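Chemist: okay, structure incoming, though there's no sequence with it:
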């Protein structure tokens, strides 16, 4: 990087570096500019709109009526249904996510073996991911059917008493979790498999020659190199899990006794059924803040600098 | 090769046998677990509507195998039968629409998302982390809250009720950028430096180093994004009203009318709606395997 | 290195600018005018009359229903012929949505300021639309005589504070339908005369007799009854129970205070609670109906009785074209007062329409004698026009005669309040919780309170 002295309005050595860096930055920014424009227009404008709507008494059909301001948030904090909804959603995420990670990891490792038929198995596990969630929910609602669903038929075959799932305040949420786990596991598994395949094969070979067994291989090679994949799967799946909606909409409608009334379902109900889009926006903003905090915490905790 | 390994190879130990049995059992269980609902769907699509729920319980072979086998549902939804034609069903058109829109989104994604991911993975920029949070933050708000303002925006920009309404909001995606940037970061920086020494520009590095080495990752996210757009329901419902622009999930939902729910046709529609993406995945399977070979050969 | 860098930089700049430009251009393009997939009839009619005026296209946001689409194609055709082709320059663009999503789409369209002309509005929601000024009042455009042609229930449903907002497409009334094979097998003869209709207790006995559990595993192979369409819990069918537990004119029967926003003392009276307790017992104690609804249960011959509006006739005909289903109908069972909920869809003209005259003309024709007849012939559902109804011979013979009689004798509209949408949501949850076994009294009391909270904003609407 030789320095060049310019004539005329002569910038110092420092300013020249500055300018070149600026040029680099501008050039770099062009790579991300189209995406940023998309986000500004199609994602941030709606967020700003929702933030504004959250301070108004606003309904879709009636428009903006009264400005309420922060009172709508105060009302939210005292809303027993919202508190219940938060509880339900957190329970859902705290149970589903670790379960999904562990099972997806297990499945990814299982199907990553160089055996015949594993590719087919991966496709089969992935199939629910591409099916419509509405159809999946209908099918699983029938599997969970209290009187003659498939699950109860199996239970009775092994001599256990039949259970009530979707109409049972205690089992409704676990049933929803099972359904979404079944549908989503392929998604996570595929991402993890892609990550696993990025680990160069010769690491494994070298370790095997050194006498490592399966567990050693996993602990000391797979897991460390793979943390990055795990990291982004966890972060993104957390965000998605917090936004679960369709299975609740199709199978339980938030019940029974609000035991499956997840946040997004409550938001939908408020905005489209209870004619209170302003309050729905308030709850959405609260969800946004929650997700922001959780993602920041996760990024802090799970960030790893992995070098080969 | 030592004597120990030699004997290990010629006589499978008990451990190996148990391992194989376990593997086979697990395999079969997994197949059953994941295939059963799909099998039921396919079976239901091949029966007339009243029969669909007749044999669900008690559970028997009849639950999956149609008693009155018929392809009528499929003919109906494609408008090939008299009834389907009279009722104006155009599933073929919906399939084409969805395929077009999904492909367009994936194509633009491959360009714009890759560029942006490259930016986050490699390029220098002040406050880059803030930008990352900005990107991530865009999918913190659920669809239910953003659909109305997004619709207003799309209307103001003048492309509501067109194909653009189904493509433009997704030509870049925060999730894809985030995932891709993680994949890109896996690639050793030495390769970059080697290419730069050979005279490559930043764009050249992207083209010749990053993309070939992240093939598996790119393929994965492309597939995931394809199926995401393919399965969209609520947004196309609101943003597009013309029958000619109808996408597949909306087309399936049209079988639910106030007077009847045509279950046979719904399942036929669902089968047709699911099959293309599954086949796509099947076709791309081998590239996943190829990815392993490539990374193994690298020095 | 510098030079190549600069060249690439310019190149990148050009690419980025070109992309942005391209996107902006694409976005600004007018909506792609795709070839209309309209039925052949429409193009034929358009070619006929000479267009003296500029063509007008009315946007009609309505239910997705292929049979309705056929009906409207014909109605449009005839509409363009009336008055010597006066309206031949008008055509209709249908934006159809499935039933469950129609209301959200209407809401979103209104919120986004989309210019609609015609809306297919659910009867009980008419007051809600009117309160929000989404619809244009049509009182001045219908004479008293024209209004009298419709059933009084329709006028009440289609009006807000006495002002008429839109004529009906059709009417409905729920009765109890049954599978004759199953009732014969159980040795039951449901009364064919409405005057002999069963009480709830008598009906319960019949349901118990027709619940069949052949293998004794505790799960019926055939259920006694299913209350309602589809698998959802709606006020349309389930709300009948709580109202029928009151004498005519009592708060329980009214279901709601005249002010339209008070529910305590009307929704949760001891009688109503008793009715809902019976509802719970149907599921939990007597087990004559499944707690978790099975789709298509009656049509799949897995239930003997069903409480359903008259559109079941068409549904059965569709699913059993060779007539392998013996359908019978009897009066709807009751606690103290027999009643069925009436009401169906209405035409609404959007308040921000730019083509009011054309829209009005179409609405008047479609709901007029001729339009209603075309509609009826396609849909075969209870017409709302009394003149048409009285002309149809099929409504004088069993089973449809019972539909007509029931409608005239004891058909009342659902509770009339601008807050019907909110009310319905809460009631659906309450009913589901009760069916699942929750404490009935508590659910009803809490429900009444919640409804009042949600409807507080409508206070004073009809003063």
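Modeler: Good, I have the coordinates. The model shown is predicted, which means the values in this text are computed figures rather than measured ones. Numbering: from 1, shown residues only, chains lettered A, B, ... in the order given.
Chemist: got the domain ranges for chain A?
Modeler: A:15-67, A:79-302 (automatic domain parsing).
Chemist: can you put the ones you listed in CSV and add distance to chain C and mean pLDDT?
Modeler: All C-beta atoms are positioned from the backbone trio N, CA, C, and that covers glycine. Formatted as CSV, these follow (distance: least, C-beta to the nearest C-beta, whole Å; pLDDT from 0 to 100):
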stretch, distance to chain C, mean pLDDT
domain A:15-67, 4, 86
domain A:79-302, 4, 85
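Chemist: redo these as TSV? Include mean neighbour count and distance to residue B:153.
Modeler: As requested, these are exported to TSV (neighbours: other C-beta atoms under 10 Å in any protein chain shown; distance: least, C-beta to C-beta, whole Å):
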stretch	mean neighbour count	distance to residue B:153
domain A:15-67	18	5
domain A:79-302	19	15
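Chemist: which one, of the ones you listed, ends up nearest to residue C:174?
Modeler: domain A:79-302 (21.8 Å; C-beta to C-beta).
Chemist: and the helices in the stretch 1-150 of chain A?
Modeler: A:13-39, A:45-53, A:71-77, A:80-111, A:118-130, A:133-143, A:150-157 (DSSP state H, counting those that start in this stretch).
Chemist: what residues does the stretch 1-150 of chain B put near chain C?
Modeler: B:48-54, B:56-58, B:86-90, B:112, B:147-148 (C-beta under 8 Å from any C-beta of the partner chain).
Chemist: recalculate using a threshold of 10 Å.
Modeler: Selection of the stretch 1-150 of chain B residues close to chain C by C-beta under 10 Å from any C-beta of the partner chain yields B:48-58, B:83-84, B:86-90, B:93, B:108, B:111-112, B:115, B:144, B:147-150.
Chemist: now which of these would you call buried?
Modeler: B:48-57, B:84, B:87-90, B:93, B:108, B:112, B:115, B:144, B:147-150 (16 or more other C-beta atoms under 10 Å in any protein chain shown).
Chemist: of these, which belong to helices?
Modeler: Judged by DSSP state H, the subset of these located in helices is B:49-52, B:84, B:93, B:108, B:112, B:115, B:144, B:147-150.
Chemist: tabulate the helices of the stretch 1-150 of chain A in TSV, adding columns for distance to chain B.
Modeler: Listed next are the helices of the stretch 1-150 of chain A as TSV, based on distance: least, C-beta to the nearest C-beta, whole Å:
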stretch	distance to chain B
helix A:13-39	4
helix A:45-53	4
helix A:71-77	14
helix A:80-111	7
helix A:118-130	4
helix A:133-143	5
helix A:150-157	5
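Chemist: let me have the ones you listed in CSV, extended by distance to residue B:104.
Modeler: Supplementary listing: the helices of the stretch 1-150 of chain A in CSV, determined by distance: least, C-beta to C-beta, whole Å:
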stretch, distance to residue B:104
helix A:13-39, 14
helix A:45-53, 22
helix A:71-77, 40
helix A:80-111, 30
helix A:118-130, 18
helix A:133-143, 23
helix A:150-157, 40
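Chemist: for these, which one sits closest to residue C:309?
Modeler: Nearest of these (C-beta to C-beta): helix A:133-143, 23.3 Å.
Chemist: who are the packing partners of that closest one?
Modeler: Judged by 3 or more C-beta pairs under 10 Å, 6 or more residues apart in numbering or on different chains; DSSP states H and E, the packing partners of helix A:133-143 are helix A:118-130, helix A:150-157, helix A:172-197, helix A:246-247, helix B:14-45, helix B:248-253, helix B:263-297.
Chemist: tell me where the model's unsure across the stretch 51-200 of chain C.
Modeler: C:51-52 (pLDDT under 70).
Chemist: now the strands for it?
Modeler: Using DSSP state E, counting those that start in this stretch, the strands of the stretch 51-200 of chain C run over residues C:56-63, C:90-97, C:118-122, C:159-160, C:163-164, C:174-179.
Chemist: same question, the stretch 201-350 of chain C
Modeler: Using DSSP E, counting those that start in this stretch, strands in the stretch 201-350 of chain C cover C:223-227, C:303-309, C:327-330, C:340-341, C:345-349.
Chemist: now those strands as JSON lines including mean neighbour count, distance to residue B:159 and mean pLDDT?
Modeler: Below are the strands of the stretch 201-350 of chain C laid out as JSON lines (neighbours: other C-beta atoms under 10 Å in any protein chain shown; distance: least, C-beta to C-beta, whole Å; pLDDT from 0 to 100):
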{"stretch": "strand C:223-227", "mean neighbour count": "25", "distance to residue B:159": "45", "mean pLDDT": "93"}
{"stretch": "strand C:303-309", "mean neighbour count": "26", "distance to residue B:159": "41", "mean pLDDT": "93"}
{"stretch": "strand C:327-330", "mean neighbour count": "21", "distance to residue B:159": "49", "mean pLDDT": "94"}
{"stretch": "strand C:340-341", "mean neighbour count": "25", "distance to residue B:159": "43", "mean pLDDT": "92"}
{"stretch": "strand C:345-349", "mean neighbour count": "26", "distance to residue B:159": "27", "mean pLDDT": "95"}
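Chemist: got TSV for these, with distance to residue C:388 too?
Modeler: Output for the strands of the stretch 201-350 of chain C, formatted as TSV (distance: least, C-beta to C-beta, whole Å):
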stretch	distance to residue C:388
strand C:223-227	30
strand C:303-309	18
strand C:327-330	21
strand C:340-341	20
strand C:345-349	16
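Chemist: closest one to residue B:226 among the helices and strands packed on helix A:133-143?
Modeler: The nearest among the helices and strands packed on helix A:133-143, by C-beta to C-beta, is helix B:263-297 at 6.7 Å.
Chemist: what's around residue B:251, how many residues?
Modeler: Counted with other C-beta atoms under 10 Å in any protein chain shown, the neighbours of residue B:251 add up to 24.
Chemist: I misspoke; the intended subject was residue B:193.
Modeler: Counted with other C-beta under 10 Å, residue B:193 comes out at 12.
Chemist: excluding its backbone neighbours, what's nearest residue B:46?
Modeler: Of all residues not flanking residue B:46 in the chain, residue B:66 sits nearest, at 4.7 Å (C-beta to C-beta, 6 or more residues apart in numbering or on different chains).
Chemist: moving C-terminal of the helix or strand containing residue A:216, what's the next helix or strand?
Modeler: Residue A:216 belongs to helix A:214-217 when assigned by DSSP states H and E. Going down the chain from helix A:214-217, the next helix or strand is helix A:223-242, by DSSP H and E.
Chemist: quick one: that following helix near chain B?
Modeler: Yes. Against chain B, helix A:223-242 shows contacts by C-beta under 10 Å from any C-beta at A:225-226, A:228-229, A:231-233, A:235-236, A:239-240, A:242.
Chemist: ok, so of these, who is nearest residue C:437?
Modeler: residue A:242 (29.9 Å).
Chemist: so that closest one sits against residue A:290, correct?
Modeler: Yes. In this structure, residue A:242 is within contact of residue A:290 by C-beta atoms under 10 Å, at 7.3 Å.
Chemist: look up how far residue B:199 lies from the closest residue in space to residue B:43 that isn't next to it in sequence.
Modeler: Nearest non-adjacent residue to residue B:43, counting by C-beta to C-beta, 6+ apart: residue B:64, 4.5 Å away. To residue B:199, residue B:64 is 62 Å away according to C-beta to C-beta, to the nearest Å.
Chemist: please identify which of these two sits among more neighbours.
Modeler: residue B:64 (15 against 9).
Chemist: what score does that one have for pLDDT?
Modeler: We have a pLDDT of 82 for residue B:64.
Chemist: again, but for the one 3 residues further on
Modeler: Note for residue B:67: predicted pLDDT of 84.
Chemist: so who does the closest residue to it other than its chain neighbours touch?
Modeler: With sequence-adjacent residues excluded and distances taken as C-beta to C-beta, 6+ apart, residue B:67 is closest to residue B:51, at 6.3 Å. By C-beta atoms under 10 Å, 6 or more residues apart in numbering or on different chains, the residues touching residue B:51 are B:44, B:62, B:66-68, B:70, B:263-264, C:296, C:300-301, C:319.
Chemist: how about a cut-off of 8 Å?
Modeler: Shown in contact with residue B:51 (C-beta atoms under 8 Å, 6 or more residues apart in numbering or on different chains): B:66-68, B:264, C:300.
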